[in-house]
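Q: next come a sequence and a model predicted from it.
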Amino acid sequence: MADKKRPSSTAAVHGGEPRHFPCDALTAPIVQTATYSFENTAELVSYMEGRADRQEYGRYGNPTVDLLEERVAHLEGATSAVAFGSGMAAVTSTILALVKRDAHVVLFSDCYRRTRQFVTGFLSNFGVEHTLVPPADMTALEAALRPETKLVISEAPTNPYLTVPDFEKLAAICAPKRVRTLIDSTIATPINLRPLEYGIDLVVHSATKYLGGHNDVLAGVLTGKPGLVSLVRDVRHMTGAMCDPHAAYLVHRGIKTLSLRIAHQNSSAMAIAEFLEGHPKVEQVWYPGLVSHPCHDVAVRTMDGFGGMVTFCVRADLNGTGRFIDALEIPKIAPSMGGTESLVEQPALMSFFELSTAQREAVGIKNNLVRYSVGIESTEDLIADLRSALEAL
Ligand SMILES: *Cc1c(COP(=O)(O)O)cnc(C)c1O
């Protein structure tokens, strides 16, 4: 814990930023332009010959988006980053950059559902193969690797059970075989975890969640080694999954309060997890900060904080769980997480609605499971709200 590389509030407010902005603006300017003009032909030629460092066209770059990229790279301890219009745009562009026909990809089975679908469904149409391995199981991972394996993908922590893989082991298994590692670190944020420190190659964020932090914008960012990030940037140039300058501004602004928000969300979620674990109407709680969590030891070793997500099962059936959620007055019922507002959802009815109870059980989603994303409201208010909703069960 308390890693000295943990980004400070100062880094969140100023990291990767020039001392002075154009027009003497204190805040980052939103450069709202689709293209950039050249003063004359000589300037164009100088740019084309690689002698001028400037922008060319909106799909290839934007100064406001550059600032966001610099900030996230700075926080992750990376030298390079590339921003996208959403988290999934970042994830899919990264995977597309790293695989080709007959390549093999390994995913941990609890990885983000759309990421899993992209590899197991969409990319299999193009001859990309895959293996799913149980969450955090390094023995199964090692056994799954083949000569054609190009990429291993995991979330950290995962959703909804907050599994934390052992990154050092993961990197030690993959690096010698030149298998790239991609960690979706959306739930951790660089304040709580910096996977690159453990030898991971690439880190991706849905900036829609904690980085933006206000539930008001979609964006994604990939950071990592410059050579790899540049391959992914080339894919963005073709797919056009560019981050809009307005969106980049909002995320960049959101990041200024990241370390304050995360500090509050870490401590609030810990208090909520402890409260829930001691409550008779709660069957089980998953939170990496609890000694009872299967990945507690790895989390303590690698994370500076355990995050703002708490997952638990209440003592109720599908409908009773819905009534418990309806009785909560502060969190709103919505997908997503990581913003100032607390959000709550019943995964059985949100992401897994189309499955039968038996199919849900097979993928580990119980009908009485609740996912609670802790916002920045007062901890006492959130606990009092949970207490009264549990009493009504
Ligand atoms: C939300 C989310 C994504 C997708 O991000 P979007 O911004 O919604 O496209 C990817 N990974 C994780 C872990 C997420 O929570």
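A: Alright, I've got the coordinates. Numbering: from 1, shown residues only.

Q: once you drop chain neighbours, what's closest to the closest residue to the ligand within the stretch 201-350 of the chain?
A: In the stretch 201-350 of the chain, the residue that lies nearest the ligand is Ser206 (3.0 Å; Cβ to the nearest ligand atom). Any C-beta I mention is one placed from the backbone N, CA and C, and that applies to glycine too. In this structure, Ser206 finds its nearest non-sequential neighbour in Gly87, 2.5 Å apart by Cβ to Cβ, 6 or more residues apart in numbering.

Q: residues near that neighbour, how many?
A: 25 (other Cβ atoms under 10 Å).

Q: surely it meets Leu222?
A: No: assessed by Cβ atoms under 8 Å, Gly87 is found out of contact with Leu222, at 9.9 Å.

Q: mutual contacts of the two, please.
A: Common neighbours of Gly87 and Leu222, using Cβ atoms under 8 Å, 6 or more residues apart in numbering, are Val204, His205.

Q: just how off-centre is the strand or helix carrying Ala384 within its chain?
A: If you go by DSSP states H and E, Ala384 is part of helix 379-391. Relative to the centre of its chain, helix 379-391 is centred 28 Å away, using Cα atoms, centre = their mean, to the nearest Å.

Q: the chain should start at 50 in everything you say after this.
A: Sure, I'll start counting at 50 from here, so that last one is helix 428-440.

Q: which of the residues in it are buried?
A: Counting neighbours by 16 or more other Cβ atoms under 10 Å, one finds that the buried residues in helix 428-440 are Thr428, Leu431, Ile432, Asp434, Leu435, Ala438, Leu439.

Q: how close does the last one sit to Val363?
A: With distances defined as Cβ to Cβ, to the nearest Å, the gap from Leu439 to Val363 amounts to 7 Å.

Q: which neighbours do those two have in common?
A: Shared contacts of Leu439 and Val363 (Cβ under 8 Å, 6+ apart): Lys330, Val331, Phe373.

Q: tell me who's in contact with the residue nearest to Ser255.
A: Counting by Cβ under 8 Å, 6+ apart, Gly136 has contacts Thr235, Val253, His254, Ser255, Ala256, Thr257, Lys258, Leu267, Ala268, Gly269.

Q: circling back to that earlier point, of the shared contacts of Leu439 and Val363, closest to Asn174?
A: Closest to Asn174 out of the shared contacts of Leu439 and Val363 is Phe373 (41.3 Å), distances taken as Cβ to Cβ.

Q: the closest one sits in which helix or strand?
A: Judged by DSSP H and E, Phe373 forms part of helix 367-376.

Q: next SSE downstream of that helix?
A: strand 381-382.

Q: let me see the ranges of the strands in the stretch 150-299 of the chain.
A: Ranges of strands within the stretch 150-299 of the chain are 153-157, 178-182, 198-204, 229-233, 251-255, 269-273, based on DSSP state E, counting those that start in this stretch.

Q: does the ligand sit close to stretch 141-152?
A: No: judged by Cβ under 6 Å from any ligand atom, stretch 141-152 makes no contact with the ligand; its nearest approach is 9.2 Å.

Q: nearest to His179 among the contacts of Gly136?
A: Nearest member of the contacts of Gly136 to His179, counting by Cβ to Cβ, is Val253, at 17.6 Å.

Q: returning to what we had before: need the buried residues of helix 428-440 in CSV (columns: pLDDT and distance to Val393).
A: Formatted as CSV, the buried residues of helix 428-440 follow (pLDDT from 0 to 100; distance: Cβ to Cβ, whole Å):
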residue, pLDDT, distance to Val393
Thr428, 98, 16
Leu431, 98, 10
Ile432, 98, 14
Asp434, 98, 10
Leu435, 98, 10
Ala438, 98, 10
Leu439, 98, 13
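
Q: TSV for those residues, including distance to Ile79?
A: Listed next are the buried residues of helix 428-440 as TSV, based on distance: Cβ to Cβ, whole Å:
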residue	distance to Ile79
Thr428	35
Leu431	34
Ile432	39
Asp434	37
Leu435	40
Ala438	41
Leu439	45
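
Q: near the ligand, which of those residues show up?
A: Of the buried residues of helix 428-440, not one also sits near the ligand (Cβ under 6 Å from any ligand atom).

Q: still on that earlier bit, among the shared contacts of Leu439 and Val363, which ones are buried?
A: The buried subset of those - by 16+ other Cβ under 10 Å - is Val331, Phe373.

Q: ok, so of the shared contacts of Leu439 and Val363, who is nearest Asn208?
A: Val331 (19.5 Å).
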